[in-house]
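Peer 1: need coordinates for the below:
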Amino acid sequence: VTASTLGLDLPNDALFAGASPFTVTASLAQDPDVRASTLVNVLASAPVAIIAGGNRAAPGTSEAYEVDGGTSYDPTFCPAASTCSDVITFSWDCAYVDDG
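Peer 2: Okay, the predicted model is just below:
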């Protein structure tokens, strides 16, 4: 943990979403009786869905096809897709959307 008069920096994953609120207390090194506290709520981030191929579709087909969402990730649990595979799994649903 590092601090200055402008802020407090915590290491990544020091506070986890869902375990809030946390009480953060700061005091002066020269006088530990001078201190202040505040509550910090850590909110979960929405999963990031990344589908290989972007927005391309297979219109007019009733055949099965495969969707590759292997680079998707959840920033609450892992900072990028390369670190998510051992932490979390995703479930996908596909649906027909009529734009007209």
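Peer 1: now do the contacts for residue 23.
Peer 2: The contact partners of residue 23, by C-beta atoms under 8 Å, 6 or more residues apart in numbering, come to 37, 38, 39, 40. (C-beta placed from N, C-alpha, C; glycine too.)
Peer 1: list the contacts for the residue nearest the centre of the chain?
Peer 2: Nearest to the mean C-alpha position of the chain, by C-alpha atoms, centre = their mean, lies residue 75 at 2.1 Å. Shown in contact with residue 75 (C-beta under 8 Å, 6+ apart): 45, 47, 48.
Peer 1: what is the nearest of those to residue 94?
Peer 2: residue 47 (16.4 Å; C-beta to C-beta).
Peer 1: what's that closest one in contact with, if anything?
Peer 2: Shown in contact with residue 47 (C-beta under 8 Å, 6+ apart): 72, 73, 74, 75, 90.
Peer 1: picking up where we left off before, reformat the contacts of residue 75 as CSV; add distance to residue 26, secondary structure and pLDDT.
Peer 2: Shown next, in CSV, are the contacts of residue 75 (distance: C-beta to C-beta, whole Å; DSSP: H, G, I helix; E, B strand; the rest coil; pLDDT from 0 to 100):
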residue, distance to residue 26, secondary structure, pLDDT
45, 26, coil, 80
47, 33, coil, 83
48, 33, strand, 84
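Peer 1: now these as JSON lines including distance to residue 8?
Peer 2: Below are these laid out as JSON lines (distance: C-beta to C-beta, whole Å):
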{"residue": "45", "distance to residue 8": "20"}
{"residue": "47", "distance to residue 8": "28"}
{"residue": "48", "distance to residue 8": "27"}
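Peer 1: just give me the closest of the residues you listed to residue 28.
Peer 2: residue 45 (33.9 Å).
Peer 1: wait, that closest one touches residue 76, no?
Peer 2: Yes. Assessed by C-beta atoms under 8 Å, residue 45 is found in contact with residue 76 at 4.9 Å.
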